[in-house]
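Asks: need the 3D shape of this:
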Amino acid sequence: MRHNHRLWIGTVCLVLGGFCAVAVGAGEMQTDGKAAQPDGPRGAAASDARALAGQIDRLLAAGWAEAKVRPAPPADDAEYLRRVYLDLVGKVPTAAEALDFLDDPSPDKRTRLVETLLDSPAYLTHATEAYRMLLLPEADTDDQVRGLTPTFEAWLRKKVADEAGYDQIVKEVLTVRLGSLGRRAGIAHDPRAEPSPLAYYVAKDAKPENLAAGTARTFLGIRLECAQCHNHPFDHWKREQFWGLAAFFAGVSKQGKADALGPIREVADRHELAIPETRQIVKAAFLDAKKPQWGRRTVGRELLADWVTAPDNPYFARAAVNRVWARFFGTGIIDPVDDLRPDNPPSHPELLDLLARQFRSHGYDQKFLIRTITATKAYALTSAVGRSETAPANLFAAMPVRTLSPGQLFETLAQATGFRDGSRGTFVYEGSAKDRFVELFTNRDEKPTEGETSILQSLALMNGPLMVSVTSPETSDTLAAVAQAPYLDTPGRIETLYLAALCRRPRPDELQRLVPYVERGGPSGDRSKALADVFWALLNSPEFRFNH
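Replies: Residues are numbered from 1 along each chain as shown. You can find the predicted model right below:
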């Protein structure tokens, strides 16, 4: 006889020792399904987000009609639940959280779920990591930069917690106080180090040309580095313009040996550079027609930061909203997201301009964009469409299947299985299970909609040490709790594993196949091992390994 679902799910959570949402500390989140409705300025922002979502839906619908494309059906609650958890907090919900959401009949439960997630510590952690990957991608491959990641992420985390606008974050990166790399700036693992974005300059080796290329590509969506040695072959940018932007960093230099950490100094009133291998001197100049207004001992980086984040900058807001859109849909309105040029036009120009205007008018608030995008009908479309029904990705007529980032995949695996690593914070320490996992699965060059699993990655998911541990009845917290829960029958045990791994209940045909398999104990005649076989199959399924 099947017992009350909440009773047995609660029992499983207690057996797991507080890993589920019933104990807030380990899961970073408490979701009781009854988030309060926002009021005041926040309520106004939420209302604006819903209104903007409606405008977006109308613009996309016009594009579908023009292209004679029928959009995909809406995603069901389980598909939406898993998607929004992965996008907002970087991991799946617990089985208890999934069950609460699926059984909630409230018509506004999706909106309330988004607000609950945006208020959670898990969102803070995931948003910090997303910013770090954007601003400091070198930390994935450079040991020196990785050593400064704790202070960089500590600084980022405070900015996200304070809900600083994206323009403020960028401005602080570009204008960070330069000086000694001692205790103030942050050596790795030093508990007295102060949070700082200085690692951005270390990652670029404090070279004006590297800083210019990174600034243009990351904050403006312009691949200006192609004009470093010659005029851009595919765009209108000239070599002089590249070095004119680099000249804002002309006073910046690193002291000491080239291959070692050392102080980064700056001469405040240096505003020009010589183009390498030429006698041409280039003065600092913006990429549009505006002229820098120099004063006595003006710091070029400060003028540049003001121009980059200015409301009338033609690139900044468009590049920012395009990146956020691509995070949620796998494809930008302009794609690639760092290639904003005249002959790579947006798929929906009105949509991009609308988002950019609203982003500016709402103080460059990332949460406003997230509320807006998750409220659109396009975000809530299913990915389960046949190949013959697939429309071009840039029409956004169905949700594309996206690969999980290495961090998302690890955290989702840990959440589903109850795995506890020695380093559960944002920073990945060398030698940890997460460190090894992320290193194996990192491939920064692939698009999330085009990712492929390598042979080594497949083998790790099939029978690597981590997978063996989390799918063993003796060492897996989830399996042990499910197998030992006294209130669960076989269908209930299988259902719990499905909720933990896939955020949904098993279909009748799945139960029809799996219940007899578990009850006869599989090949070994051991029911616990048969449950482990089921769990292993779920964790190795494409449904688990992708965001859809």
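Asks: okay, and S469 sits in which element?
Replies: S469 is part of helix 465-470, with elements assigned from DSSP states H and E.
Asks: what's the pLDDT at the closest residue to L499 other than its chain neighbours?
Replies: Counting by CB to CB, 6 or more residues apart in numbering, A95 is the residue found nearest to L499 once chain neighbours are left out, at 3.9 Å. The C-beta positions use only the backbone N, C-alpha and C, and glycine is treated the same way. With respect to pLDDT, A95 has a value of 95.
Asks: ok, A95 to A78 distance?
Replies: Computed with CB to CB, to the nearest Å, the distance linking A95 and A78 is 12 Å.
Asks: out of these two, which sits in the more crowded spot?
Replies: Neighbours of A95 and A78, each counted by other CB atoms under 10 Å, are more numerous for A95; the result is 29 against 17.
Asks: hmm, the more buried one is touching T496, no?
Replies: Yes. In this structure A95 lies within contact range of T496 using CB atoms under 8 Å: 5.6 Å.
Asks: now do the contacts for A501.
Replies: V92, A416, F535, L538, L539, F544 (CB atoms under 8 Å, 6 or more residues apart in numbering).
Asks: checking it next. Helix, strand or coil?
Replies: With DSSP: H, G, I helix; E, B strand; the rest coil as the basis, A501 sits in helix.
Asks: tell me where the protein has strands.
Replies: Assigned by DSSP state E, the strands in the chain fall at 252-254, 264-266, 272-274, 281-283, 402-403, 546-547.
Asks: any stretches of the protein with poor pLDDT?
Replies: Applying pLDDT under 70 to the chain flags residues 1-42, 179-193, 230-235, 256-262, 297, 386-389, 421-431, 435, 437, 439-460.
Asks: care to break it down by domain?
Replies: 164-308, 316-364 (automatic domain parsing).
Asks: wait, which of these is closest to R436?
Replies: Minimum separation from R436 across these (CB to CB) falls at domain 164-308, 18.5 Å.
Asks: quick one: buried residues of the helix holding S469?
Replies: Of the residues in helix 465-470, L466, M467, V470 count as buried by neighbour count, 16 or more other CB atoms under 10 Å.
Asks: winner for burial among the domains of the chain?
Replies: domain 316-364 (a mean of 19; mean count of other CB atoms under 10 Å).
Asks: what sits up against the helix holding S469?
Replies: Identification of contacts with helix 465-470 by CB under 8 Å, 6+ apart yields 413, 417-419, 433, 437, 460-461, 475-476, 478, 536, 539-540.
Asks: quick one: distance of that helix to the chain centre.
Replies: Mean-position distance between helix 465-470 and its chain equals 25 Å (CA atoms, centre = their mean, to the nearest Å).
Asks: in this protein, which helix is the longest?
Replies: helix 40-67 (DSSP state H).
Asks: now that helix: buried residues?
Replies: For helix 40-67, using 16+ other CB under 10 Å, the buried residues are A45, A46, D48, A49, L52, A53, Q55, I56, L59, L60, G63, W64.
Asks: distance to Y201 added to the residues you listed, as CSV?
Replies: Converted to CSV, the buried residues of helix 40-67 look like this (distance: CB to CB, whole Å):
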residue, distance to Y201
A45, 34
A46, 38
D48, 36
A49, 35
L52, 36
A53, 38
Q55, 40
I56, 37
L59, 40
L60, 40
G63, 42
W64, 46
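Asks: greatest separation within these: which pair is it?
Replies: Using CB to CB, the buried residues of helix 40-67 reach their maximum pairwise distance at A45 and W64, which is 28.3 Å.
Asks: can you get me the start-to-end distance on stretch 310-318?
Replies: The first residue of stretch 310-318 is 12 Å away from its last residue (CA to CA, to the nearest Å).
Asks: and for stretch 275-284?
Replies: 12 Å.
Asks: and for it, what's in contact with it?
Replies: Contacts to stretch 275-284, defined as CB under 8 Å, 6+ apart, come from residues 239-240, 243-245, 247-248, 250, 271-274, 292, 300, 303-304.
Asks: just those residues now: which is nearest S347?
Replies: Closest to S347, out of all of the contacts of stretch 275-284 and judged by CB to CB, is L245, at 28.1 Å.
Asks: and the gap between the most centrally placed residue in the chain and D343?
Replies: With distances taken as CA atoms, centre = their mean, the chain has A130 as the residue nearest its mean C-alpha position (4.1 Å). As defined by CB to CB, A130 lies at a distance of 29 Å from D343.
Asks: what sits closest to D77 if chain neighbours are left out?
Replies: L102 (5.6 Å).
Asks: residues contacting D205?
Replies: D205 makes contact with K254, according to CB under 8 Å, 6+ apart.
Asks: dihedrals phi and psi, the closest residue to H271 other than its chain neighbours?
Replies: Spatial nearest neighbour of H271, chain neighbours left out: A284 (4.5 Å); criterion: CB to CB, 6+ apart. Per-residue torsions, A284: phi -60, psi 130 (degrees, to the nearest 10).
Asks: could you report the distance from A284 to L479?
Replies: In terms of CB to CB, A284 sits 61 Å off from L479.
Asks: do the same with R157
Replies: Distance, R157 to L479, by CB to CB: 33 Å.
Asks: who's more crowded, those two?
Replies: The neighbour count for R157 versus L479, taken as other CB under 10 Å, is higher for L479 (26 against 20).
Asks: farthest-separated two in the contacts of A501?
Replies: Among these, the pair separated by the greatest distance (CB to CB) is V92 and F535, at 14.0 Å.
Asks: all helices for the stretch 301-450 of the chain, in order.
Replies: 316-329, 349-361, 366-374, 406-417, 433-441 (DSSP state H, counting those that start in this stretch).
Asks: can I get those in JSON lines with distance to T175?
Replies: Output for the helices of the stretch 301-450 of the chain, formatted as JSON lines (distance: least, CB to CB, whole Å):
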{"stretch": "helix 316-329", "distance to T175": "15"}
{"stretch": "helix 349-361", "distance to T175": "20"}
{"stretch": "helix 366-374", "distance to T175": "20"}
{"stretch": "helix 406-417", "distance to T175": "29"}
{"stretch": "helix 433-441", "distance to T175": "31"}
